[in-house]
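In: build me a structure from this.
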Amino acid sequence: MGSVIKLSKKINNSYIELKKSVEDRLAMVDEKIEKKLESNVDLVKKMSSYHLETGGKKLRALITLGASKLCGYKKGTRDVNFAACVELIHSATLMHDDVIDNGEIRRGKKTLNKIWGNQSSILAGDYLLSRCFEMMVEDGNLEILKLLSSTSALISQGEILQLQHKGEVDMLEETYLKIISSKTASLFLAAAKIGPIITEKKNKYKDALDSYGKNLGLTFQIADDALDYNSDLKLFGKKIGNDFFEGKVTLPIILLFQKINDNEKRFLKDLFLKDNRTDNDLKLVLNLIKNKHIINECYKKAEHYINLASNSLNIFENSEEKNILKNLTTFSLERNF
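Out: Now for the predicted structure:
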């Protein structure tokens, strides 16, 4: 039987520790991506360079490298190549996301679509995906080709499902979980599962890292959605309310709708049916969320997935990499970025 993880009040450095443990490999991932995004088309070069400069946490690539190290991968650069693939898929989805959401800022800089328009941004995302699949074909592993191609399909389905339910404040929690399982957790799952595939581990290890990646991804997205309504973060200068202004219904709004009275429910429904929402609208919703302790409830639900992810790794022998990946489950909830 798995153990229950208690959230610590100490600073969780697992993200930094994971970066340090695969620092050389991560640098190779960056080099691989930069090389793969080279193009004879001037606009493609400009957009690719701009995208690379925006940086990012590269968490999915780190999970690929960390899980590969956990499984004993040492020779060759297949972990690097597939970590680059995972990052390219993630980057492509962000480019497409920004077009769908009319996003203007990403990682503190103007989005590609804000600078070069929607058509170029969609095609740039497609270019990244094509480069990713080119690398997969070059490797020739059919299991990974199937894994990452099906993951790309799942991400698209998750995005479409989210669009289908846009503005539905009475959305079922089950529907929300289906959306984030597809659009977020599926890529975390793929990132974690690559390690046991390239090391030819038994299915029980593949299943373990499958579960780890999926539940880590669910935790990460729930935390991300909660952060966007956490008014306490305004004290640190963090911009919140992006999902609210875009009309995306996420877990905080779903849980809030379940707890408020009929008049407040009508207010919330009308608010999300509007084409635009104001700062004052956000302020009213944040007050409701704070009064009903919604953020804490989100975190409690996320703790369930933390435990599932952490316990999935119990099958592996004790090691530094195992400890880092276990601690990463709580980091995904405790972070404020």
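In: and the strands in the protein?
Out: Applying DSSP state E to the chain gives strands spanning 105-106, 109-110.
In: out of the ones you listed, nearest to Gly247?
Out: Between Gly247 and the strands of the chain, the shortest gap by C-beta to C-beta is with strand 105-106, which sits at 17.1 Å. C-beta: built from backbone N, CA, C; applies to glycine.
In: what lies in contact with the closest one?
Out: Taking contacts as C-beta atoms under 8 Å, 6 or more residues apart in numbering, the residues outside strand 105-106 that touch it are 54, 94, 98, 111, 114.
In: any idea which of the strands of the chain gets closest to Glu303?
Out: Between those, strand 105-106 lies closest to Glu303; by C-beta to C-beta that is 29.2 Å.
In: sheet partners, orientation included, of that closest one?
Out: strand 109-110 (antiparallel) (DSSP bridges).
In: quick one: contacts of the partner strand?
Out: 53-54, 104.
In: pLDDT of it, averaged?
Out: On average, the pLDDT along strand 109-110 is 90.
In: so how far is it from its chain's centroid?
Out: Its chain's C-alpha centre and that of strand 109-110 lie 19 Å apart, by C-alpha atoms, centre = their mean, to the nearest Å.
In: what's the answer for stretch 286-294, then?
Out: The chain centroid and the centroid of stretch 286-294 are separated by 25 Å under C-alpha atoms, centre = their mean.
In: again with stretch 217-236
Out: Worked out by C-alpha atoms, centre = their mean, stretch 217-236 lies 13 Å from the chain centre.
In: show me what contacts Ser48?
Out: 37-39, 124, 127.
In: most neighbours, which of these?
Out: For the contacts of Ser48, counting by other C-beta atoms under 10 Å, the largest number of neighbours falls to Ala124: 24 neighbours.
In: chain neighbours aside, what residue packs nearest to that residue?
Out: Once flanking residues are discounted, Ala124 sits nearest to Met47: 4.7 Å by C-beta to C-beta, 6 or more residues apart in numbering.
In: gap between the one you found and Asn12?
Out: 35 Å (C-beta to C-beta, to the nearest Å).
In: show me which of these two is the more surrounded one.
Out: More crowded of Met47 and Asn12, by other C-beta under 10 Å: Met47, with 24 against 18.
In: would a markdown table of the contacts of strand 109-110 with pLDDT and neighbour count be doable?
Out: Shown next, in a markdown table, are those (pLDDT from 0 to 100; neighbours: other C-beta atoms under 10 Å):
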| residue | pLDDT | neighbour count |
| --- | --- | --- |
| Glu53 | 85 | 9 |
| Thr54 | 84 | 15 |
| Glu104 | 85 | 11 |
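In: just the closest of these to Arg277, please.
Out: So of the contacts of strand 109-110, ranked by how close each gets to Arg277 (C-beta to C-beta), first place is Glu104, at 15.6 Å.
In: any idea how far the closest one is from Gly125?
Out: 17 Å.
In: same check on Leu172?
Out: Using C-beta to C-beta, Leu172 is found at 30 Å from Gly125.
In: of these two, which one has the most company?
Out: Per other C-beta under 10 Å, whichever of Leu172 and Gly125 has more neighbours is Gly125, with 25 against 11.
In: right, and that one touches Asp98 too?
Out: No. With contacts counted by C-beta atoms under 8 Å, Gly125 stays clear of Asp98, the gap being 9.1 Å.
In: could you find the closest non-adjacent residue to Tyr212?
Out: Tyr212 sits nearest to Ser312 (C-beta to C-beta, 6+ apart), 4.1 Å away.
In: burial check on that neighbour, number of neighbours?
Out: When neighbours are counted by other C-beta under 10 Å, Ser312 registers 24.
In: contacting residues for it?
Out: 208-209, 211-212, 215.
In: kindly supply the ChimeraX command isolating those of those residues that are buried.
Out: To isolate the buried ones among those in ChimeraX, judged by 16 or more other C-beta atoms under 10 Å, type:
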select :208,209,211,212,215
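In: middle-most residue in this protein, spatially?
Out: Thr184 (4.8 Å; C-alpha atoms, centre = their mean).
In: mind checking how far the spatially closest residue to that one that is not a sequence neighbour is from Asp228?
Out: What sits nearest to Thr184 in space, not counting adjacent residues and going by C-beta to C-beta, 6+ apart, is Gln221, at 4.2 Å. Separation of Gln221 from Asp228 (C-beta to C-beta) stands at 11 Å.
In: many thanks, have a good one.
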